[in-house]
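Q: the following comprises the amino acid sequence and a computationally predicted model.
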Amino acid sequence: MLNKLIKGDILLSPSKVTATEFQLVLAHQVNKPTLTIKAEGYAEGITAPTIKAIDLTAEVPLFVVTAQDSPAIGFFPYTAQQTFDGIRGDLTEISIQTPEGITTYPVIHLLSGQNAPVHPKALSEISEKQIAGYAYNQSNFNVAFNNAVSQLYKKFPGHISAKVVESGFVAAGSPVGIAYTYVVMEQESN
């Protein structure tokens, strides 16, 4: 299983692992589960710690935390964070292979149990006459509006006459952090 390691990789033993699953909320990536893993620990003489997937299709996906050898002398803290797309949305735990063996960790489901939908209904039900504009990582209606208008000109060349159907701001907090302003516009019939 560990044959995916690159020659020179050092297998690490993190002291803390956080695994967070969330649904992507961009209109062109609706309901695609994503898993972000953050691993922290201490190691001697390493550089470039990273997290690698060994088997994403397993019932409990397997990962390793690796680093490259470094001439640095000392025992230093490290943090590695990696996001994996296209995972199953029903994951309850992941496994990390270390030199000591395999350890399992629970998966935190971002926004689980909250009543507010992560993905606004208007973005899930965009019709042929509608366009969604976005302002990623900011609360800026003007940027989202201008993005929607430029898409309207591309989709309906020539004269456009449109109205704003819905607008809003979506934010989901730590440890991943997603935020965007959206505007849904509809081309009116001529």
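A: Alright, I've got the coordinates.

Q: quick check: longest helix of the protein.
A: Determined from DSSP state H, the single longest helix within the chain is helix 141-155.

Q: that one packs against which elements?
A: Judged by 3 or more C-beta pairs under 8 Å, 6 or more residues apart in numbering; DSSP states H and E, helix 141-155 is in contact with strand 130-136, strand 162-172, strand 178-187. In this view, the C-beta of every residue, glycine as well, is placed from N, C-alpha and C.

Q: so what's residue 142 up against?
A: Applying C-beta atoms under 8 Å, 6 or more residues apart in numbering to residue 142 gives the contacts residue 135.

Q: can you pull the pLDDT of it?
A: On the pLDDT scale, residue 142 is placed at 91.

Q: what does residue 11 give?
A: Taking residue 11 on its own, its pLDDT is 80.

Q: and what of residue 110?
A: pLDDT, residue 110: 65.

Q: quick one: contacts of stretch 97-105?
A: 1-2, 11-14, 17-19, 54, 60, 62-65, 93-96.

Q: just the CA trace of that stretch, in CSV.
A: Only the C-alpha atoms of stretch 97-105 are listed here, as CSV (Å, rounded to 0.1, in the frame of the first residue of the first chain):
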residue,chain,number,x,y,z
GLN,A,97,-0.3,5.3,8.5
THR,A,98,2.7,6.0,10.7
PRO,A,99,5.9,4.1,11.4
GLU,A,100,4.1,2.8,14.6
GLY,A,101,1.0,1.6,12.7
ILE,A,102,-2.4,2.9,11.6
THR,A,103,-4.4,5.3,13.6
THR,A,104,-8.0,6.3,12.9
TYR,A,105,-9.5,9.8,13.4
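
Q: may I see the buried residues of that stretch?
A: Using 16 or more other C-beta atoms under 10 Å as the test for burial, stretch 97-105 gives 97, 105.

Q: which parts of stretch 139-154 are buried?
A: Within stretch 139-154, the residues that count as buried by 16+ other C-beta under 10 Å are 140-141, 143-145, 147-148, 152.

Q: in TSV: those residues, plus distance to residue 37.
A: Output for these, formatted as TSV (distance: C-beta to C-beta, whole Å):
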residue	distance to residue 37
140	31
141	34
143	31
144	31
145	36
147	31
148	35
152	39
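
Q: which residues of the chain score low on pLDDT?
A: 1-8, 19-32, 89, 110-119, 172-178, 190 (pLDDT under 70).

Q: show the contacting residues for the nearest residue to residue 155 once chain neighbours are set aside.
A: Leaving out its chain neighbours, the residue that sits closest to residue 155 by C-beta to C-beta, 6 or more residues apart in numbering is residue 131, at 6.2 Å. Going by C-beta under 8 Å, 6+ apart, residue 131 touches 148, 151-152, 155, 162, 184-187.
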